[in-house]
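1. Mind folding the following:
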Amino acid sequence: MYGVSAGTHDGLRRVPVQRRSAARLARILDACAELLDETGYEELSTRAVATRAGVPIGSVYRFFGNKRAMADALARRNLDSYARRVERRLAAIPSADWRAAIDAMLDEYLAMKRTVPGFGLVDFGARIPAGPPGPAPAPAPAAADGEPVRDANHRVADRLATLLAAQLRRAPDPALCRMVLVAVEAADALFQLAFRTDASGDPDIIAETRELVRAYLARTLG
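-> Residues are numbered from 1 along each chain as shown. The predicted structure follows:
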């Protein structure tokens with residue numbers, strides 16, 4: 001079972017304070033992840049999640065207004081877990097070896113894609129259907145500080161840029177952040193292709209993605 005970290009609390013109706021409440025929230029998210037794999041998002045329901053988690057339905061609504069909010073919290077938990085996994089890998093890599101650092105970031109994503117329940121549908125920002133086609137989407141909502149809410153790949157890139165900057169002992173300046181964002185967007189699109197081609201991830205496409213990301217980053221880091 002995965003725990004719940006501070007990032008997962010964003011968007012919750014109520015933030016757990018006691019350990020028992022945090023454990024209940026973790027069980028709810030675990031159940032949500034399992035059911036996403038078993039039934040898909042369309043068949044997911046808060047009642048089914050409550051039953052699987054072994055909690056009253058009121059406990060689910062104490063934290064989440066609907067199933068979309070649950071999926072969003074699961075995505076944020078995935079990102080927190082991914083950042084911790086990458087950080088552990090980087091601790092064993094020499095600071096000057098940026099290629100090994102990038103490989104660790106790609107490897108940990110692939111490992112989660114293949115093994116973490118629900119990850120294929122929610123990733124780091126729910127890939128689930130948002131609803132039927134309609135008018136152009138409204139501008140991104142504002143966070144509490146008035147800044148726009150950043151999309152999933154921006155959040156991933158922010159976390160990775162911070163980790164990479166610390167690894168390379170440099171500041172996460174705008175140029176590095178932009179470069180990491182471009183690499184994240186490219187890798188995300190190509191990994192989606194790899195897993196559409198092969199349920200386990202087409203190894204040739206994954207290898208090409210790794211080479212593309214390395215070559216792009218080598219212009220600045222190499």
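
2. How about the contacts made by the nearest residue to Met112 once chain neighbours are set aside?
-> Once flanking residues are discounted, Met112 sits nearest to Phe119: 5.4 Å by Cβ to Cβ, 6 or more residues apart in numbering. Quick note: C-beta positions are derived from backbone N, CA and C, even for glycine. Under the criterion of Cβ atoms under 8 Å, 6 or more residues apart in numbering, the neighbours of Phe119 are 33, 78, 112-113.

3. pLDDT weak spots in this protein?
-> For the chain, applying pLDDT under 70 flags the ranges 1-11, 126-150.

4. And the helix or strand encompassing Arg24, what does it pack against?
-> Following DSSP states H and E, one finds Arg24 within helix 19-39. Secondary-structure packing of helix 19-39 (3 or more Cβ pairs under 8 Å, 6 or more residues apart in numbering; DSSP states H and E): helix 46-53, helix 57-63, helix 67-90, helix 119-122.

5. still on that earlier bit, distance of the residue nearest to Met112 relative to Lys67?
-> Taking Cβ to Cβ, to the nearest Å as the measure, Phe119 falls 17 Å from Lys67.

6. now Asp30
-> Look at Asp30 and Lys67: by Cβ to Cβ, they are 15 Å apart.

7. The spatially most central residue of the chain: what secondary structure?
-> Taking Cα atoms, centre = their mean, the centroid of the chain lies closest to Phe124, which sits 2.0 Å from it. Put simply, Phe124 is coil when judged by DSSP: H, G, I helix; E, B strand; the rest coil.

8. quick one: contacts for Asp123?
-> 75, 78, 113, 152.

9. can you count the residues close to Ala194?
-> 22 (other Cβ atoms under 10 Å).

10. how about it, secondary structure?
-> Three-state assignment for Ala194 (three-state DSSP): helix.

11. What is the burial count for the nearest residue to it once chain neighbours are set aside?
-> Using Cβ to Cβ, 6+ apart and skipping the chain neighbours, the partner closest in space to Ala194 is Ile205 (3.9 Å). Counted by other Cβ under 10 Å, the residues lying close to Ile205 total 18.

12. what does the one 5 residues further on give?
-> In terms of burial, Arg210 registers 18 neighbours under the definition other Cβ under 10 Å.
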